[in-house]
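S.K.: Model the following, please.
(2 chains)
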Amino acid sequence: MSGAYAQILSALGSETALVLVGLVVLTLDFVVGRKREPGKRRELVGAVALFGLALSAVPLVGQVGLTGVSLPGETLVVNPLTIIFKFILIVLAAVTVLISMDHDIGTHVGEYFAMLLFGAIGMLLLVGTEEFLTIFVALELTSISLYVLTAFHKHSLRSQEAALKYFLFGAIASAFLLFGLSYIYGLSGATNLREIGASLTGKGTNPLLAVGLLCVLVGLGFKVAMVPFHLWAPDAYEGAPTPVTAFIATGSKVASFFVLVKVVMVSFGGAAGSAFWGAFSSGWAMVLGLTAAASMVLGNCAAIVQHNIKRLLAYSSIAHAGYILIGLVAATATGASAVLFYVTVYALTNLGAFGVVAALSARAGGDDLEHFDGMARRAPFLSLLMLVFVLSLAGIPPLGGFLGKFYLFAAALQRDARTFGLLWLVALGIGMSAVSLYYYLVVMKHMYVLPPKDPARIRTSPHVSLALTMCAVAVVVLGIWPEPLVRLLKTLVIRL
Amino acid sequence: MRTDWTIYASFLGAGLIMLLPRNAKTLIRWTALLTGLVGLALGWHGCTAYNGTGFVHLANAAWIPSLGVRYHLAVDGLNLPLVLLNGIVCVTGILFSWNIEERVKEFFAFFLTLIAGVYGVFMAMDLFLLFVFYELAIVPKYFLIAIWGSTRKEYGAMKLVLYSFVGSAAVFVAILAAFFAGGGQTFDILEMAKNPIARDVQVWVFPLVFAGFGVLAGMWPFHTWAPTGHVAAPTAASMLLAGVVMKLGSYGCLRAAMLLFPAGFIHWQWWIASLAVIGILYGAAVAMVQKDFKFIIGYSSVSHMGFVLLGLATLNRDGMSGAVLQMFSHGIVASLLFAVVGRMVYDRTHTRQLDELGGLAKSLPFACVTFVIAGAASMGMPGFSGFVAELQVLIGAFKMSPWLAALAALSIAVTAAYILNALHKVFYNDQKLLPSSHPLPPITVPEVMAAVMLMATLVIVGLHPSLLLDMIQSNVDLFLGGLP
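M.R.: This next block holds a predicted model:
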């Protein structure tokens, strides 16, 4: 018995560490934090949270040796892929903490950082499981933490509205997911991804399976903000405190896409159907192909008319969900590894972009585009970082965003290189990238071209600059030297 | 000394400038100039050391093996003249930008990044790498025009960048399709050329690549970014735009579209030749009726780039070597013309309207001499490089179809007309002499040096074209010999 507990603990090392540190954070803020002035309080509590995240990375190092551990029913699995993505999520959470330390989050500092850590735990669990019930619980843990965090600007009506909207949509999406799972369980008699996959192969299409699969896609589609389940995103992104927006747009997306890839590839590999032009056949690939196209078109076109930079980035992230889905539509191991590569690059890029917005908007007076006028002269270094992030989002080489897109599109075309079945989706994606360059350049126009309304220099704390610089360096390195990560993901995904 | 160091030197220069304090303007200018000169010297050395035929491989290593991408740079007789051109335009562009006082540091950093990207495109022998450098050269243009430009600068900059990006999107789709149609093993251009893809794929891939690159080459009807972009750009940027960036497009057509998809090219040959001739005549005719001095030069660029495309479309030795030489020659001529209009005239008079200018021959005699020489080269006077290049193109076109050649030749008369018209109105028309109460500042030393350098190039290549033409022709022969 104690052996089983030891195994659970070894598989859950990071999560356990985060739970403990989350509680420490709450207590610490309650005991000593309240007497301090807000800035110092955030720095103290944030530093502890940061320490907790660093601590939670330690068990991962230990797990490198014991590859292929899995508990009965695959409720918890440890393999190189989960280790890598848990590490990425911890880095994303750490950068979010660093950004938050420099941002006004009101008086509930302890609760804020604890919620952030709890949300991170949900994401880690999401990556480390191959069982539907655990996936659902982890998804809820993440979502509820994020709902609370979204409402953290207690005196801002927008923040409250955003949280309520996010919560209502999220709750309905969860209901869909659970409903879908009940059908799938009824069909396969299993909650484990692999067993579901095994029992569904060769059974052909079945109306019940179609309903179950669609409901699961709705539930997960909400998390990744793909059209038509995207409506919460612009409001939630705009209303939430910017560091929280950054976390929703990156950490939550990485974890959700990871689960989406695993679910469709492992459990429903036989029900892919096809999204080839002129040869559509029903299945998740077709559904995702159509939603990918809709996400790219709607996200990019709606982003053009935005005046608020957070809304603009929200629509851009909807569009990016569309690009990422293209890799999934290919329904191959290469496609899946392209998705994971792109999600990584995208998360680092968007985290950086929201980080810059968080660092600048408080001192610039707001987060509308016009508040960023002439930023290149007021905060040259952060503007340079923003240039890197925005160009990476636009897919300009040699940045990571370009390589990621290239890999996605290449994977999609490779699927059927003889008749170019997915060329329509790839061509649409590339065309829409050209559209997206317009609004990314508008952001750059405000920052670099227009004169500043207030010439005062903006100074930011060094730890924020350091965290964002690390993101930018990672984005550049992944663009120039992607081979190690590409190769690693390719070999690991094949084993999936 | 390898020619690919031009790329690294330019990036290094841009990086170095970023590190300098923003108020050390003189230091920044000299750093930029030094970087430009290093690039020019390396390009020059590359040309003189080149033995006449075939490729000299400068770097060829695996870059992203999982995706079949190599870091492959090479020079041959077709890109060396363009590398040299880029060096010349870079150095003279910096000299003509000596008077920029606002945000000097950012200006030269963007400028040198653009230069580095252009060097990279000319030498890249891997489609992916070529594309990377190509896009790298697009973005700095936006900032150069939108920040330091004039006349509807934000509109012009956005239009230019979006046109180029849409063009490159078409190229991107086609590159991917060609890659997988060819087996999905390598993006190396020379490897891909050895095993041409199926003809039916070539037929639809080729127009995407050719038109995609053609956008940047000012191919009619995708040329409309060119005049607005040129007019909006600051002098050095319009020199770069007309001088080298448009050549990125035509070079891409030659190196990527024609080499990889010969069957597709032959299928579309007449379409391209016709579009080229329309561009030649249209550009010249529209230049005729412009009221803005810079728009004349802008449309004239469209017209002259038409000769490049026409030369390529002939697919014979004379036409194609004329096209490559025309790329070089037009690069120099256009740079010189834009320098006269933008730097020598506009920066002093603050107007470019033909009706408001006049009598500048007296106040700015050097500008007048420069314009006469550049104009003569532009209309194809013997003794200048433009004559040799356009004659070759016309001979090539005549072999393909006498009618096309005759139509294209018509434009030479029109060119003479609008150049002489501009010369008369701007420099001689004494009735509208600008009020003498504002004596114009004299031409500065950097301007004279840069102008002399460009004019000397025109004359040297014009009198002794074999300097460049020998290596171009021998490589065009190789190119044509390699086609199935």
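
S.K.: Please count neighbours and contacts with C-alpha atoms only from this point.
M.R.: Will do.

S.K.: mind listing what the residue minimising distance to the centre of chain A touches?
M.R.: Centroid check for chain A by CA atoms, centre = their mean gives A:Lys253 as the closest residue, at 2.0 Å. With contact set as CA atoms under 8 Å, 6 or more residues apart in numbering or on different chains, A:Lys253 has these partners: A:Lys223, A:Val224, A:Val343, A:Ala347.

S.K.: can you tell me the helix or strand for it?
M.R.: Here A:Lys253 sits within helix A:242-262, counting by DSSP states H and E.

S.K.: CA atoms only: put that helix into PDB for me.
M.R.: C-alpha atoms of helix A:242-262 as PDB (Å, rounded to 0.1, in the frame of the first residue of the first chain):
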ATOM      1  CA  THR A 242      -3.600  41.800 -17.700                       C
ATOM      2  CA  PRO A 243      -1.300  39.300 -16.000                       C
ATOM      3  CA  VAL A 244      -4.300  37.000 -15.700                       C
ATOM      4  CA  THR A 245      -5.200  37.500 -19.300                       C
ATOM      5  CA  ALA A 246      -1.600  36.500 -20.100                       C
ATOM      6  CA  PHE A 247      -2.100  33.300 -18.100                       C
ATOM      7  CA  ILE A 248      -5.500  32.500 -19.700                       C
ATOM      8  CA  ALA A 249      -4.100  33.100 -23.100                       C
ATOM      9  CA  THR A 250      -1.000  31.000 -22.600                       C
ATOM     10  CA  GLY A 251      -1.000  28.400 -19.800                       C
ATOM     11  CA  SER A 252      -4.600  27.400 -20.200                       C
ATOM     12  CA  LYS A 253      -4.200  27.200 -23.900                       C
ATOM     13  CA  VAL A 254      -1.100  25.000 -23.800                       C
ATOM     14  CA  ALA A 255      -2.700  22.600 -21.400                       C
ATOM     15  CA  SER A 256      -6.000  22.500 -23.300                       C
ATOM     16  CA  PHE A 257      -4.400  21.900 -26.700                       C
ATOM     17  CA  PHE A 258      -2.200  19.200 -25.200                       C
ATOM     18  CA  VAL A 259      -5.400  17.500 -24.000                       C
ATOM     19  CA  LEU A 260      -7.200  18.000 -27.200                       C
ATOM     20  CA  VAL A 261      -4.300  16.500 -29.200                       C
ATOM     21  CA  LYS A 262      -4.200  13.500 -26.800                       C
END
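
S.K.: With respect to chain B, which of the contacts of A:Lys253 is nearest?
M.R.: The closest of the contacts of A:Lys253 to chain B turns out to be A:Val343 (CA to the nearest CA; 18.2 Å).

S.K.: count of residues packed around the residue nearest to the closest one when sequence neighbours are not counted?
M.R.: Spatial nearest neighbour of A:Val343, chain neighbours left out: A:Val254 (5.9 Å); criterion: CA to CA, 6 or more residues apart in numbering or on different chains. When neighbours are defined as other CA atoms under 10 Å in any protein chain shown, A:Val254 has 28 of them.

S.K.: Please report the distance of A:Val254 from B:Leu67.
M.R.: Look at A:Val254 and B:Leu67: by CA to CA, to the nearest Å, they are 23 Å apart.

S.K.: Equivalent analysis for B:Leu360, please.
M.R.: For B:Leu360, the distance to B:Leu67 equals 58 Å [CA to CA].

S.K.: repeat for A:Glu370
M.R.: Between A:Glu370 and B:Leu67 the computed distance is 41 Å (CA to CA).

S.K.: same check, this time on A:Gly335
M.R.: For A:Gly335, the distance to B:Leu67 - CA to CA - is 13 Å.

S.K.: neighbour count winner among those two?
M.R.: A:Gly335 (29 against 19).

S.K.: The nearest residue to A:Ala210 once chain neighbours are set aside: neighbour count?
M.R.: Nearest non-adjacent residue to A:Ala210, counting by CA to CA, 6+ apart: A:Gly283, 7.8 Å away. Close neighbours of A:Gly283, defined as other CA under 10 Å, add up to 20.

S.K.: what about B:Arg348, how many neighbours?
M.R.: Neighbours of B:Arg348 (other CA under 10 Å): 16.

S.K.: Ok, the one 5 residues further on next?
M.R.: Residue neighbour count, defined by other CA under 10 Å, stands at 17 for B:Gln353.

S.K.: how about it, what does it touch?
M.R.: Counting by CA under 8 Å, 6+ apart, B:Gln353 has contacts B:Lys291, B:Asp292, B:Phe293.

S.K.: Fine by me, thanks again.
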